[in-house]
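Peer 1: Structure here, sequence nowhere to be found:
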């Protein structure tokens, strides 16, 4: 798509470019991003915003000797383009192709893998301290978005940086957005710095002086003057109180200024923080107009930015619309999200009940404890957090919610495989990490209407509960006007049978039905059960079928280890019924990115795999019903 980009095999190739050529390269990269991601989908907006920053970093530093740590790392596409992956870039987020995040096994330039926010400063500090202990000279640079500073881990790292290393570069990429617009005191503080007229005047003067004088000496003089002037404006500048010398704010799209600044920061024998102002979605008007949509999306029209319309409601939308109904009738219902109003669809709830809606930023631990605090005062918090992100709040779930038996509802979006985003985003562990906790009720709906019923059931339940539901749309079942309460711990029989009992959990119930149909064709009588509850398990239902059938089958969109099938086997052990169990679920490994159907076929999450595993047990069932007389 451009002659400059095509010449780059490694970051060393851009070091001979002039600033003007780097600016042209930036435009080529933006065009490549827009055109390629229109076919594959991906995190377009974040990457359009860090083109110049990434170019300047690679121009000044030398990876892999120098270490770049990207917070979340969804903004590392330019880094991939510059580090020998240009020819494979069209495979990004596709099965067998490049990962959408940093991945240590993908390239020696990917020093640290990440997919969750708030990890960059801690990891970079660990690398810097390791370097210091080994007597190394390499530079460590952490690139973190401003949203990462709403995460508690970032502050834990900030608290230690100055005490543990004398040399670390932190780049604050300030664009006012994570997925949604950033919230809270930190966002307001950064906005105050950026919009302060005195600081802007100071920064403009510094930029003009740099242009006239040029070179490291000029940078040094200007930075000293800027630092001194800021000291007059703010005796206690926030980051400097943590021991990081603050530089900025500066234009994160001015390649020349960024290069000069990074060259200066390389000389500093102290921890420093560079505050760069960037524009998320820069260079593509649809991404500027619709920041939330273009944070991460599927394929789109590269000219207009339009995506294919989806008529059917997603599970996320069913959740939000049901919660609106519940809040209409119950003044104690509140909604909490951790910087994911769009992803969880709570942006549909917010207009109806703005005073009952709380976005705490990327702070899952705080979200859960905050919910617990509200629950002690008689409120019913619905805490909407992706399954994979709720992992970060495990201790508050145990210590603050379940130990105190507080009625917090965990609404776990993306429960199951998350497809193109890969291992960091698959929600494959929540059954195993929740079902061992006393007091919690864990539910999994078979369709949209049952999700609505489970949310209502959770509202009525006087204790902790969790509902996991998948990404995207369900089978298309109409949601009734008023949800109904479900009897807690009771499964639903879809079809009765005497030879095989098939438990299809949640989204995999259709597989259970398909397997039953194939077994019926072979002359076997198959029962199909919708478990509904992972905890408490319907032990009566399990015992009933264990006494009748020759084999039990479980389907789950979850790892087998510690999952629903394991719970069934534990239940059988408790009642001492030795019926064999065939379990279909994900193996004990981290699952890569790719299309859901491709990955299911690869790892045996299928009816065909179930039939193959069932074959030895079916032989022991002596008289298939089709041949019984």
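Peer 2: It's in. Note that the structure is a prediction, hence the values are computed from the model and not measured.
Peer 1: what packs against the strand or helix carrying residue 52?
Peer 2: Assigned by DSSP states H and E, residue 52 falls within helix 51-60. On a contact count with 3 or more C-beta pairs under 8 Å, 6 or more residues apart in numbering; DSSP states H and E, helix 51-60 meets helix 19-40, helix 77-82, strand 140-145, strand 168-174, helix 255-265. Heads up, the C-betas are built off the backbone N, CA and C, glycines and all.
Peer 1: can you give me the offset of the first one from its chain's centre?
Peer 2: Same thing as helix 19-40. 25 Å (C-alpha atoms, centre = their mean, to the nearest Å).
Peer 1: Let me see the domain layout of this protein.
Peer 2: If you go by automatic domain parsing, the domain ranges for the chain are 3-287, 315-468, 494-622.
Peer 1: Quick one: low-confidence residue ranges for the chain.
Peer 2: Across the chain, the ranges flagged by pLDDT under 70 are 1-2, 176-236, 291-297, 308-310, 622-629.
Peer 1: Go through the protein and flag its longest strand.
Peer 2: As assigned by DSSP state E, the longest strand anywhere in the chain is strand 551-559.
Peer 1: which secondary structure elements does that one contact?
Peer 2: Counting contacts by 3+ C-beta pairs under 8 Å, 6+ apart, strand 551-559 packs against helix 430-434, strand 500-504, helix 509-521, helix 539-546, helix 564-575, strand 581-586, helix 607-618.
Peer 1: from the domains of the chain, which stretch is densest packed?
Peer 2: domain 315-468 (a mean of 22; mean count of other C-beta atoms under 10 Å).
Peer 1: Would you check that residue 56 makes contact with residue 255?
Peer 2: Yes - using C-beta atoms under 8 Å, residue 56 makes contact with residue 255 at a distance of 5.7 Å.
Peer 1: In contact with residue 371, which residues?
Peer 2: Contact partners of residue 371, counting by C-beta atoms under 8 Å, 6 or more residues apart in numbering, are 336, 381, 383, 401, 408.
Peer 1: which two of those residues lie the greatest distance from each other?
Peer 2: The distance between the two most remote of those (C-beta to C-beta) is 12.2 Å, for 336 and 401.
Peer 1: Identify whichever of the domains of the chain lies nearest to residue 484.
Peer 2: Closest among the domains of the chain, using C-beta to C-beta: domain 315-468, at 5.2 Å.
Peer 1: distance between that closest one and the chain's centre?
Peer 2: Its chain's C-alpha centre and that of domain 315-468 lie 15 Å apart, by C-alpha atoms, centre = their mean.
Peer 1: rewinding a little: list the ones among the contacts of residue 371 that fall in strands.
Peer 2: Those of these lying in strands (DSSP E): 336, 381, 383.
Peer 1: quick one on the thing from earlier: can you list the domains of the chain in a markdown table and add distance to residue 475?
Peer 2: Putting the domains of the chain into a markdown table (distance: least, C-beta to C-beta, whole Å) gives the following:
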| stretch | distance to residue 475 |
| --- | --- |
| domain 3-287 | 24 |
| domain 315-468 | 5 |
| domain 494-622 | 7 |
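Peer 1: which one of those lies closest to residue 305?
Peer 2: domain 3-287 (2.6 Å).
Peer 1: who's in contact with residue 372?
Peer 2: 381, 396, 400, 401, 404, 406, 408.
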